[in-house]
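Peer 1: no sequence for this one, just the structure:
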């Protein structure tokens, strides 16, 4: 087993500032432990991606102990099913040492004082476990000190446990009784705080039940779409079909005849860059959502297409493939790939294409806004409340201090709700209408006006020697980069996207090169669960399998050989100019091939890899590191003679270091893997004439219950390494494990996703009967 | 138009434009937000309610077609099957984001009311109309089987 090096740096070196502030009111004890966001900020700018708004000053996480002993944790991350409420509470409750039943979670509004609130990048636990532990431990220290002073004894003879401080003679005082006195005390220094040993943990790492589920099973809890305000009206918006298009002419007379419709509102179209600005169009304001939808159906609008009206995905993919077949900009280089390819005993090449995708959370984007003078209060299902705040301020022309963003539960996010354009729409409309407005995106709006996963083309070449060893590995990747959403004309794959599974390919091949080609964006490009890891893992892990096949070797054994011996890798040693390691320090989170080897062997064992498979059945394997976590998947497929594909079983192993909650980590492995399989099987967004062609779930198909595997086994590697990401890492290996399995079952190599598209809506090519 | 609907056993006065789907009457006119919007065309099941005990997509059911019918929503669904489903759901934390789960639970309760011991095929048949983007499918299947043993 290989573990990350022991953390030996001081708290200050790890980015922690001294405890800086506390506040308290009527008998309430509150304290903030600050984390200086400077390092995270620098990482966010890597590759031209935008600075995390609001992460710069006084980031704190607030805890309040009430006189009755109840503990309120203000959770600054958004709850979208990853169980961040439960995880944050587990961590806090453990170090504070309080009974679980006394912990109550309060959702933070969007504000710079909380530090980074962007709930994406699989980093809520990764970036906050240590910080929350310190917060809880600091408070426990102060409660103990308050009790010791009251009793006139040495603090070292007292202990805080299970919501009670116990003195040397067995005297006891509940935390609630001590809260007011503790609040008067000086904040403890770093050397006064003792974190528990992990053997003492009561909640961290335990399968604690979800705090949200008891509400969910009764239809309770407030999602963004559930917000209701007195005097509120409802809006849907007809947006330009093409990004940066605009209204040429409008006839809303029939709309205004629809019962329940109140009025329409024209919204200005934005100028590039897209940022998180609303797309413009025509809003229909009505007494209920359905009247607004019906009213929109009756609009007669002529649209100007604007600069993106010529975008056709099919032609664009062909161009990108052409680019990918030409030499590109070298972004990582080891040895001499050209010479090694030229002298190889055998050469193979393959091209891979992954389409645009839509996040398609079950709850579409929704936001509600209400103005009071020049101040606006918004309620939204947002992953990025600080960006929502700054966007609303910029779009409405008011100072950020005048904007309040309340965060509801999210009915899924998957990256779509990291872009708060819809919150700004609500704010604009509420000001125009003079009443609170809820803007609901229909499913058609969600699929047609999104921030899409980038379409990509990749070209791979490999050289093998006479013994079947890979001596050269060339990876060329071409995709419209996410920075295009923020910087006009950005066409070059950013370092921030290459580090998502391309610049850190862990192969020990003596000659290895990564190249990129440029591609302009014609849709808004944005994050989708695991982002560029999806297409990079698909190409790298598919091609690893193709190399194994060329060498006549077992794919699992060959993958291990490509990865090579246990060691630590730093891509910056090989010409990678920026590698931010997902915003976590390389010292704590190295790229460790030993951990890769371990999960490959683990998942292979789970699947009984190497067993004889019936005709038409096959196993496929893939492994990928992302978000500082190692994930490996084996998929079993069965293909009948008519080409009908089923997935009888999936096995997944995850090494995420220390996990906050194994039950919910397993749930993310299950869900993240199936999300990846769903994309690979069915997912595709296409555009013609600049407009997205898909409209609803019939043609943006997603996995259903009857298409899910009947059997799925997950395994979480026991580890005391620092916590890695959990929500995204299971997704990338799913697609290549599936297509590798299809190859094993049928001999058909799928290099273009989705698997079912065009004339193959439901089945693979019929099998050769011979 | 004005009408009286029987919702969760209560006669409820409703005033909405003719043809408005039950979903929006529940959510926007009555403030019963447990029933969710996902697609508007009966493709995702997030809006599933019971009409006279059968699973029904509220997003395509005009409220004015429901005179005399008994409508049950997630807020009101009760009985041994509902209790068992809720308990089984909570026991293994089926939901992730939870948004589709009102509909999942309504479909699952209807399934158990008609079939006390559904196998995988029966579960898949009954639940295929309920999408979950968090892909909680493995746990839904397990929890339905667990619930069947609890009744």
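Peer 2: Right, received. Where do you want to start? Model, not experiment: these values are computed from the prediction.

Peer 1: which parts of the stretch 251-400 of chain A sit against chain B?
Peer 2: A:258-260, A:287-291, A:293-294, A:360-364 (Cβ under 8 Å from any Cβ of the partner chain). The C-beta positions use only the backbone N, C-alpha and C, and glycine is treated the same way.

Peer 1: how about the stretch 51-200 of chain A?
Peer 2: A:80-83.

Peer 1: state the distance from the closest residue to chain A within chain B to residue A:99.
Peer 2: Going by Cβ to the nearest Cβ, chain A is nearest to residue B:34 of chain B, at 2.4 Å. Between residue B:34 and residue A:99 the computed distance is 30 Å (Cβ to Cβ, to the nearest Å).

Peer 1: and if you look at residue A:455?
Peer 2: 51 Å.

Peer 1: likewise for residue A:498?
Peer 2: Distance, residue A:498 to residue A:99, using Cβ to Cβ: 47 Å.

Peer 1: can you check residue A:268 too?
Peer 2: Distance from residue A:268 to residue A:99, by Cβ to Cβ: 54 Å.

Peer 1: sorry, back to before: now the residues of the stretch 251-400 of chain A next to chain B: which count as buried?
Peer 2: Listed as buried from these are A:258, A:260, A:287-291, A:293-294, A:360-364; burial here means 16 or more other Cβ atoms under 10 Å in any protein chain shown.

Peer 1: quick revisit: residue B:34 and residue A:99: which has the busier surroundings?
Peer 2: Neighbours were counted for residue B:34 and for residue A:99 using other Cβ atoms under 10 Å in any protein chain shown; residue B:34 has more, 23 against 14.

Peer 1: which residue packs closest to the residue nearest the centre of chain B, ignoring adjacent ones?
Peer 2: Nearest to the geometric centre of chain B sits residue B:106, at 3.0 Å (Cα atoms, centre = their mean). Among residues not flanking residue B:106 along the chain, residue B:48 sits closest, at 4.2 Å (Cβ to Cβ, 6 or more residues apart in numbering or on different chains).

Peer 1: which residues are in contact with that neighbour?
Peer 2: Contacts for residue B:48 (Cβ atoms under 8 Å, 6 or more residues apart in numbering or on different chains) come out as B:35, B:55-58, B:102-104, B:106-107, B:129-130.

Peer 1: return the member of those nearest to residue A:147.
Peer 2: If you rank the contacts of residue B:48 by distance to residue A:147 using Cβ to Cβ, residue B:102 comes first, at 46.4 Å.

Peer 1: now do that closest one, the pLDDT please.
Peer 2: Per-residue pLDDT puts residue B:102 at 98.

Peer 1: check which residues of the helix or strand encompassing it are buried.
Peer 2: Assigned by DSSP states H and E, residue B:102 falls within helix B:101-114. The neighbour-count check on helix B:101-114 (16+ other Cβ under 10 Å) flags B:101-113 as buried.

Peer 1: if we can go back for a sec, could you list which of the residues of the stretch 251-400 of chain A next to chain B belong to helices?
Peer 2: A:289-291, A:293-294 (DSSP state H).

Peer 1: list the contacts for the residue of chain A found nearest chain B?
Peer 2: For chain A, the residue closest to chain B is residue A:219, as judged by Cβ to the nearest Cβ, at 2.4 Å. Residue A:219 makes contact with B:33-35, B:73-75, B:102, according to Cβ under 8 Å, 6+ apart.

Peer 1: with secondary structure as extra columns, can I get those residues in a markdown table?
Peer 2: Listed next are those as a markdown table, based on DSSP: H, G, I helix; E, B strand; the rest coil:
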| residue | secondary structure |
| --- | --- |
| B:33 | coil |
| B:34 | coil |
| B:35 | coil |
| B:73 | coil |
| B:74 | coil |
| B:75 | coil |
| B:102 | helix |
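
Peer 1: nearest to residue B:151, of these?
Peer 2: Within the contacts of residue A:219, proximity to residue B:151 (Cβ to Cβ) peaks at residue B:74, which comes in at 19.0 Å.

Peer 1: thinking again about what came up before, want to try CSV for the residues of the stretch 51-200 of chain A next to chain B, with pLDDT and neighbour count as columns?
Peer 2: Formatted as CSV, these follow (pLDDT from 0 to 100; neighbours: other Cβ atoms under 10 Å in any protein chain shown):
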residue, pLDDT, neighbour count
A:80, 97, 28
A:81, 97, 30
A:82, 97, 28
A:83, 97, 32
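
Peer 1: just to revisit the earlier point, which element is the residue of chain A closest to chain B on?
Peer 2: Here residue A:219 is assigned to no helix or strand, by DSSP H and E.

Peer 1: how about the helices of chain B, start to end?
Peer 2: B:22-24, B:80-91, B:101-114, B:120-127, B:137-150.

Peer 1: tell me which of the ones you listed sits most buried.
Peer 2: Highest mean neighbour count among those (mean count of other Cβ atoms under 10 Å in any protein chain shown): helix B:22-24, with a mean of 27.

Peer 1: give the rounded mean pLDDT of that one.
Peer 2: On average, helix B:22-24 scores 98.

Peer 1: show the secondary-structure elements that that helix is packed against.
Peer 2: With contacts taken as 3 or more Cβ pairs under 8 Å, 6 or more residues apart in numbering or on different chains; DSSP states H and E, helix B:22-24 sits against helix A:289-297.

Peer 1: show me how far the helix it packs on is from its chain's centre.
Peer 2: On the basis of Cα atoms, centre = their mean, to the nearest Å, helix A:289-297 sits 33 Å off its chain's mean C-alpha point.

Peer 1: so for the next helix-or-strand element following it, what gets flagged as buried?
Peer 2: Note on helix A:289-297: by DSSP H and E, the next helix or strand toward the C-terminus is strand A:300-304. With burial defined by 16+ other Cβ under 10 Å, the residues of strand A:300-304 counted as buried are A:301, A:303.
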